[in-house]
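Undergrad: model this:
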Amino acid sequence: MKKVYVIFIMSMLGLFLFSCNKDFLDRQPLDQYSESSLWSSAKDAEAALNGCYSGYEDGDWILYRDCASDNAFDPYPWEWIAPYGNMMLTTASGGSWNTQFKYGTVQKCNWFLAGVDKTPMDEDLKTRMKAEARFLRAYRYFVMSQYYGGVPLITANITTLEANTVTRASKDEVVKFVLDELAAVQADLPESYSGSDIGRITKGAAWALKARVELYNQKYTDCVASCNNLIGKYTLFPNYTDLFRIQNEHNSEILLDVEYVENTVPLWTTGVLFTQNLGGWWSVDPTQSLVDAYEMSNGKTIDDPTSGYDPENPYKNRDPRLDATVIVPGSLVGGKYFNPIGDPSSLDYYAPYLYTGYSIRKYVSDKADFGDMWNSGLNIPVIRYAEVLLTYAEAKIELNQIDASVFSAINEIRTRAGMPVVDETVYKGQIKMRELIRRERRIELAMEGLRFFDIQRWKIGEVMNGPVYGCRLGTVDANTGKVSFTSDRIVSDHRVFDPAKNYLWPIPQSQIDINNKLVQNPGY
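TA: Down below sits the predicted model:
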């Protein structure tokens, strides 16, 4: 049974969350709450901790976030993600509900950690709860440091006046805090949970996040050590397509996810992934760049003249993860062949909004999984074991320690997908292995909200420059799904990436207006 830990079951906690649902730098004083009434039992402490889980990560953001990369495009300029993809960010962008410069979780965790010791309860349980809160706070600081660099580092309750005069810590200081916290909580978190506690933070989640942060900050030796605490303790789910379906939540591959409950705490953005003909919005459109990154089923890239790639049958004999992730023209969807290019009367015709002609299959491979696509109980993975294996392999490659364990980690993922093992006659040496691991990460983790972070840390912003291409135009046979292409291609957008500024996002001007001690990121 799914854990409903994001339900706010106490009215006093509801008051707390309502009052704290503002950015940290624009918060109400904590002295309006009655501390004596909030910490009277273990149930009270659990309810307060549950509030810390709410908002530590957003499934909405994960589903949209690849639109801020070369993986995807949002065709609707009025939706909040467009400026993050075309680099038209200004200091006003991200100043509303879509900002990631937000301290709600940090504030709730600081409040919880400051008050929970007052609670008469089992000390072991209290210790575990504090470890969960420290993890959630560390996670938020990790995310903010990726988007903005250095941010105010607040680790205790402070007054409103203090909050509005705090300065930014350096990114190195924030990263050190995150890694220290993740190391410190290991001993106090369990390996797993049972019953209604399934879904809470585990020891494995803390090791996995630590490894991710270490990889992103070039701490490769530490990263390998963190990964070694996980390798062999988790397993890949057997079927790549099905691991993202609602009936397979909490499977052997999931180390951390964002949990949703239909009718109670639903995920509405499931609906934005479906095409218009299926009743959705089709807000997240995979790009031609992503489609081209998938290898042929023989393990060769499409630009290899010996691969067998046929431009007139571009989706044939490809890595099975392409079909599991992307709906292409001619795909059978809902009993009909997907036709975004040949029928101007169709709701799925590309032209009105310059859809790329590609849609997402990952997460929503079967519409029947959802009674209401806008009221979904689908959990969204945050960290999977496949990422841990890729993280381990990349760290070893960057250390130039390319041994059998590196190939084993990559091959485990490829074999699960139905792909051949790595050709070690082609991929040998650090340069070729770096090429392989970067492509494998892009393919395996496509549409999971991590691509921008990879572009950022690899400093490959040039992949964001130029036209955003979609599929070629042509016709789709309604009876067979056969696609006949012309030489023309959809161009959905044009992007210009400025490496002097676009690796970071701007601090929202609304926050600088509140606290003029905040210094804006360069170039904005």
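
Undergrad: name the nearest residue to R168, sequence neighbours excluded.
TA: Closest residue in space to R168, ignoring its immediate chain neighbours: G150 at 4.5 Å, by CB to CB, 6 or more residues apart in numbering. In this view, the C-beta of every residue, glycine as well, is placed from N, C-alpha and C.

Undergrad: what does the pLDDT read for the one you found?
TA: Note on G150: pLDDT of 97.

Undergrad: look up how far I514 lies from it.
TA: As judged by CB to CB, to the nearest Å, G150 and I514 stand 18 Å apart.

Undergrad: now R361
TA: On the measure of CB to CB, R361 and I514 end up 43 Å apart.

Undergrad: more crowded one of these two?
TA: R361 (22 against 17; other CB atoms under 10 Å).

Undergrad: what about the strands in the stretch 51-200 of the chain?
TA: Remark: strands assigned in the stretch 51-200 of the chain by DSSP state E, counting those that start in this stretch are 72-73.

Undergrad: helix/strand/coil for V463?
TA: helix (DSSP: H, G, I helix; E, B strand; the rest coil).

Undergrad: is it true that it touches I455?
TA: Yes: between V463 and I455 there is a contact at 6.4 Å, judged by CB atoms under 8 Å.

Undergrad: more crowded one of the two?
TA: A count of neighbours by other CB under 10 Å puts I455 above the other of V463 and I455, at 22 against 17.

Undergrad: helices of the stretch 151-300 of the chain, start to end?
TA: Taking DSSP state H, counting those that start in this stretch as the criterion, the stretch 151-300 of the chain contains helices spanning 160-163, 171-185, 203-216, 220-228, 270-273, 288-293.

Undergrad: shaky segments in the protein?
TA: For the chain, the stretches flagged by pLDDT under 70 are 1-36, 93-98.

Undergrad: spell out for me which residue occupies the centre of this protein.
TA: Geometric centre of the chain, nearest residue: G449, 3.2 Å, by CA atoms, centre = their mean.

Undergrad: just to check, M87 is in contact with V496?
TA: Yes: proximity of M87 to V496 meets the contact threshold set by CB under 8 Å, at 6.0 Å.

Undergrad: which of these two has more neighbours?
TA: Ranked by neighbour count (other CB under 10 Å), M87 and V496 place M87 first, with 16 against 11.

Undergrad: the closest residue to that one other than its chain neighbours is in what secondary structure piece?
TA: Closest residue in space to M87, ignoring its immediate chain neighbours: N502 at 5.0 Å, by CB to CB, 6+ apart. Assigned by DSSP states H and E, N502 belongs to no helix or strand.

Undergrad: who are the contact partners of N502?
TA: Contact partners of N502, counting by CB atoms under 8 Å, 6 or more residues apart in numbering, are M87, L89, G461, M464, G523.

Undergrad: closest one to L215 out of the residues you listed, please.
TA: For the contacts of N502, the minimum distance to L215 (CB to CB) is 18.8 Å, reached by G461.

Undergrad: ramachandran angles for the nearest residue to that closest one once chain neighbours are set aside?
TA: In this structure, G461 finds its nearest non-sequential neighbour in F497, 4.3 Å apart by CB to CB, 6+ apart. The phi and psi values for F497, taken as degrees, to the nearest 10, are phi -100, psi 120.

Undergrad: does F497 touch N465 like I think?
TA: Yes: under the criterion of CB under 8 Å, F497 makes contact with N465 at 5.0 Å.

Undergrad: give me the more crowded residue out of the two.
TA: Neighbour comparison, F497 and N465: the larger count goes to F497, with 19 against 14 (by other CB under 10 Å).

Undergrad: which residues touch the more buried one?
TA: M87, G461, E462, M464, N465.

Undergrad: what is the neighbour count of the fourth one?
TA: So the one you mean is M464. 22.

Undergrad: name the nearest residue to it, ignoring sequence neighbours.
TA: Using CB to CB, 6+ apart, the closest residue to M464 is F497 (3.9 Å).

Undergrad: on the three-state scheme, the closest residue to L518 other than its chain neighbours is what?
TA: Closest residue to L518 apart from its sequence neighbours, by CB to CB, 6+ apart: I512 at 5.0 Å. What three-state DSSP gives for I512 is helix.
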